[in-house]
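Asks: Coordinates for the following, if possible.
(one chain, ligands or ions: 1)
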Amino acid sequence: MTNIKDNLAIIKQQIAHVCQLTHRAYDEVSLLAVSKTKPGNMIEQAYQAGQREFGESYVQESVEKIQQLKHLPDISWHFIGPVQSNKTRQIAENFSWVHSIDRVKIATRLNEHSSRRDTRLNVCIQVNISSEQTKSGVTIEELAELAQVIEQCKNLELRGLMAIPQKNAERTTFDKMHQLFNQLKQTHPQMDTLSMGMSGDMQDAIAAGSTMVRIGTAIFGGRD
Ligand SMILES: *Cc1c(COP(=O)(O)O)cnc(C)c1O
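Replies: Got it, this is the predicted structure:
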């Protein structure tokens with residue numbers, strides 16, 4: 001049986017350990033628990049263990065769970081999957097964050113559907129840092145222009161960048177993301193989030209400057 005509470009404690013220890021080794025402050029790295037495909041009761045167990053930030057990738061599944069867990073009001077839901085244009089309304093109505101904006105159309109749709117929110121929708125731009133054909137994300141060349149568009153969207157708050165480096169990516173890939181993040185911060189100084197690092201590559205991501213790791217398997221167990 002998956003012991004979610006123990007797994008969360010282990011992950012936090014590992015984050016603290018890498019922070020110590022790389023001279024980073026532990027509170028610079030937040031933990032997003034990726035609960036996609038996992039049932040509401042597992043999310044509730046993580047919640048009871050103190051976890052508040054959860055990541056989801058599939059709209060229909062996640063909206064059902066968000067409704068089901070409405071009694072846990074201080075959860076912050078992060079959408080981290082590919083965003084389809086016809087799902088932007090549901091995403092804007094149910095999530096506090098979207099990590100995976102990768103085109104102008106998605107940004108403007110999310111902005112339109114966020115007009116009734118009390119707070120802006122926090123967004124990150126996904127960068128296809130390993131230039132994988134099958135992966136979402138903007139190219140490095142497209143990044144600055146999309147950031148400018150998002151800056152004009154009054155219901156969106158540009159918080160930073162997100163990446164899913166290729167499996168077994170070299171450390172330089174993570175460093176490159178950190179470099180892009182710092183560059184873009186010069187024109188968008190409010191940016192504070194570099195969303196990078198999963199169960200398999202958390203160490204390199206943190207060492208390279210990630211401020212938010214997205215961990216699924218190591219907390220909730222494997223997915224089918
Ligand atoms: C599923 C997923 C994760 C979590 O991956 P694990 O390997 O299970 O930790 C992180 N980020 C994104 C974008 C995902 O889709």
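
Asks: now the residue nearest in space to the middle of the chain, what's its secondary structure?
Replies: In the chain, the C-alpha nearest the mean C-alpha coordinate belongs to residue 99, at 4.6 Å (C-alpha atoms, centre = their mean). Put simply, residue 99 is strand when judged by DSSP: H, G, I helix; E, B strand; the rest coil.

Asks: Might you report the residue contacts of it?
Replies: Residues near residue 99 by C-beta atoms under 8 Å, 6 or more residues apart in numbering: 55, 78, 79, 80, 123, 124, 126, 162, 195, 214. For glycine as for every other residue, the C-beta is placed from the backbone atoms N, C-alpha and C.

Asks: Am I right that residue 77 is in a helix?
Replies: No. Counting by three-state DSSP, residue 77 is not part of a helix but strand.

Asks: so how far is residue 65 from it?
Replies: Distance, residue 77 to residue 65, using C-beta to C-beta, to the nearest Å: 9 Å.

Asks: Find the residues that touch each one of those two.
Replies: Shared contacts of residue 77 and residue 65, defined by C-beta under 8 Å, 6+ apart, comprise residue 56.

Asks: could you pull out the strands for the protein?
Replies: 30-34, 53-56, 76-79, 97-101, 121-127, 156-163, 193-195, 212-215 (DSSP state E).

Asks: could you dump the last one to PDB, C-alpha only?
Replies: Coordinates of the C-alpha atoms in strand 212-215 are reproduced here as PDB (Å, rounded to 0.1, in the frame of the first residue of the first chain):
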ATOM      1  CA  MET A 212       8.900  24.200  -8.000                       C
ATOM      2  CA  VAL A 213       9.200  20.500  -8.500                       C
ATOM      3  CA  ARG A 214       6.200  18.500  -9.800                       C
ATOM      4  CA  ILE A 215       6.200  15.100  -8.200                       C
END
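
Asks: From the contact counts, what lies against it?
Replies: Here strand 212-215 is seen to pack against strand 30-34, strand 193-195, helix 202-207 when contacts are counted using 3 or more C-beta pairs under 8 Å, 6 or more residues apart in numbering; DSSP states H and E.
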